[in-house]
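Using only what follows, build the 3D model:
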Amino acid sequence: MQIAMIENATRIIGKSQGYLGLPLRDEMIVCSVNGEGTPAMVTAWQPTPDELERLNAGASVHLRILGVAHPPVMVEVGPTPTE
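Okay, the predicted model is just below:
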């Protein structure tokens, strides 16, 4: 997956730590566990042509978390791009 610029990005994280830099959008969501006003960070990713081919053939999306503790996460498909 390739890092994409998320719509209405509010900051870029990780660059000072040696990573490529990840644009994200801070937002508040309604969470079924934590309730209304739960802070969240949203990033955007674009599959490479090879990854898209594999996804269309039924491959799953894998989420890799660095470290030993797993924070709550959500994975979804973003809106269709408009040109």
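
what about stretch 61-70, start to end distance?
By Cα to Cα, to the nearest Å, the extent of stretch 61-70 from end to end equals 17 Å.

same deal with stretch 50-69?
Stretch 50-69 stretches 31 Å from its first residue to its last (Cα to Cα).

how much space between G21 and E7?
17 Å (Cβ to Cβ, to the nearest Å). Just so you know, the C-beta spots here come from the backbone N, C-alpha and C atoms, and that holds for glycine as well.

And for I13?
For I13, the distance to E7 equals 17 Å [Cβ to Cβ].

so E51 is in which element?
Assigned by DSSP states H and E, E51 falls within helix 49-56.

hmm, who's touching that helix?
1, 47, 59, 61 (Cβ atoms under 8 Å, 6 or more residues apart in numbering).

So which of the residues you listed wins on neighbours?
In terms of neighbour count, P47 stands highest of the contacts of helix 49-56 at 15 neighbours, by other Cβ atoms under 10 Å.

Pretty sure that residue sits against M1.
Yes: at 5.8 Å, P47 and M1 qualify as touching, with contact defined as Cβ atoms under 8 Å.

Quick one: mean pLDDT over the longest strand along the chain.
Scanning the chain for the longest strand, with DSSP state E as the assignment, gives strand 22-31. The average pLDDT within strand 22-31 is 96.

helices or strands up against it?
strand 2-4, strand 11-13, strand 35-42 (3 or more Cβ pairs under 8 Å, 6 or more residues apart in numbering; DSSP states H and E).
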